[in-house]
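A.B. asks: please work out how this folds:
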Amino acid sequence: MASGKQVLIHFLKKYSLQKTKKEDLADASENLRVGFLLHGSTSKEMWQIVDTIEWGEEIADESDEVISQGLKIKDKNISLPELFDYITWESEHKIPKRVAKRFPELTQSEYYAATRIMGLVLSSIEWSDWLSEVENGGKLDSVELNKYLKSYKEKLGYYREDSENYI
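C.D. replies: Predicted coordinates for the structure are as follows:
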């Protein structure tokens with residue numbers, strides 16, 4: 001039997017790497033809700049929480065073209081990645097008092113880095129028209145992957161040696 005996490009990741013991968021047909025969005029939303037229930041919990045409050053989100057579309061204002069699909073507030077044009085960015089992206093990137101109290105050892109730069117990575121994780125589980133060409137329907141070329149890994153691990157080494165002049 002699969003874990004709830006496996007079920008959730010299966011559907012997030014399926015929907016984020018290729019466009020979902022409009023008539024399949026409701027089913028996609030239900031599949032993801034089940035995944036969140038199985039992965040998160042089936043407590044009474046969780047049922048209401050998962051029923052508040054959906055897998056939906058972002059439409060370009062000028063053309064009515066679908067430019068992305070992802071997790072959003074049900075029946076509203078509020079994507080979760082965009083909401084998260086607005087929650088965490090302050091001009092001074094200050095650590096909220098509640099967070100600082102719970103994690104007193106957390107520095108300002110660590111907080112900023114953590115919230116940026118969380119935002120990237122959220123945005124990585126969206127389907128985007130502008131990335132669809134390079135994502136190739138979710139197919140990953142292992143030769144290209146190995147080239148990226150080798151190249152960027154080397155670049156990380158250069159960065160760690162001299163963070164001002166690594167490129």
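A.B. asks: quick one: the residue nearest the centre of the chain from residue 83, how far?
C.D. replies: Most central in the chain under Cα atoms, centre = their mean is residue 122, positioned 1.6 Å from the mean C-alpha point. Distance from residue 122 to residue 83, counting by Cβ to Cβ, to the nearest Å: 9 Å. The way it works is simple: take the backbone N, C-alpha and C, and place the C-beta from them, glycine included.
A.B. asks: residue 67: which element?
C.D. replies: Assessed by DSSP states H and E, residue 67 sits inside strand 66-73.
A.B. asks: how about residue 15, nearest residue that isn't a chain neighbour?
C.D. replies: residue 28 (5.3 Å; Cβ to Cβ, 6 or more residues apart in numbering).
A.B. asks: returning to what we had before: list the buried residues of the strand holding residue 67.
C.D. replies: Within strand 66-73, the residues that count as buried by 16 or more other Cβ atoms under 10 Å are 66, 68, 69, 70, 71, 72.
A.B. asks: correct me if wrong: the second one contacts residue 126.
C.D. replies: Yes: A contact is recorded between residue 68 and residue 126 when judged using Cβ atoms under 8 Å, the distance being 5.5 Å.
A.B. asks: shared neighbours of these two, which are they?
C.D. replies: Common neighbours of residue 68 and residue 126, using Cβ atoms under 8 Å, 6 or more residues apart in numbering, are residue 79.
A.B. asks: re earlier: so the residue nearest to residue 15 is in which element?
C.D. replies: Judged by DSSP H and E, residue 28 forms part of helix 25-39.
A.B. asks: rounded mean pLDDT for that helix, please.
C.D. replies: For helix 25-39, mean pLDDT is 97.
A.B. asks: next SSE downstream of it?
C.D. replies: For helix 25-39, the following helix or strand on the C-terminal side (DSSP H and E) is helix 44-50.
A.B. asks: so which residues of this protein form helices?
C.D. replies: Secondary structure of the chain by DSSP state H: the helices cover 4-16, 25-39, 44-50, 80-88, 97-102, 108-124, 129-135, 142-161.
A.B. asks: please pull out the lowest mean pLDDT helix or strand from this structure.
C.D. replies: helix 129-135 (a mean of 83; mean pLDDT, DSSP states H and E).
A.B. asks: can you list contacts of that one?
C.D. replies: 17, 18, 19, 65, 66, 67, 68.
A.B. asks: what of stretch 148-156?
C.D. replies: Everything outside stretch 148-156 that qualifies as a contact, by Cβ under 8 Å, 6+ apart, is 166, 167.
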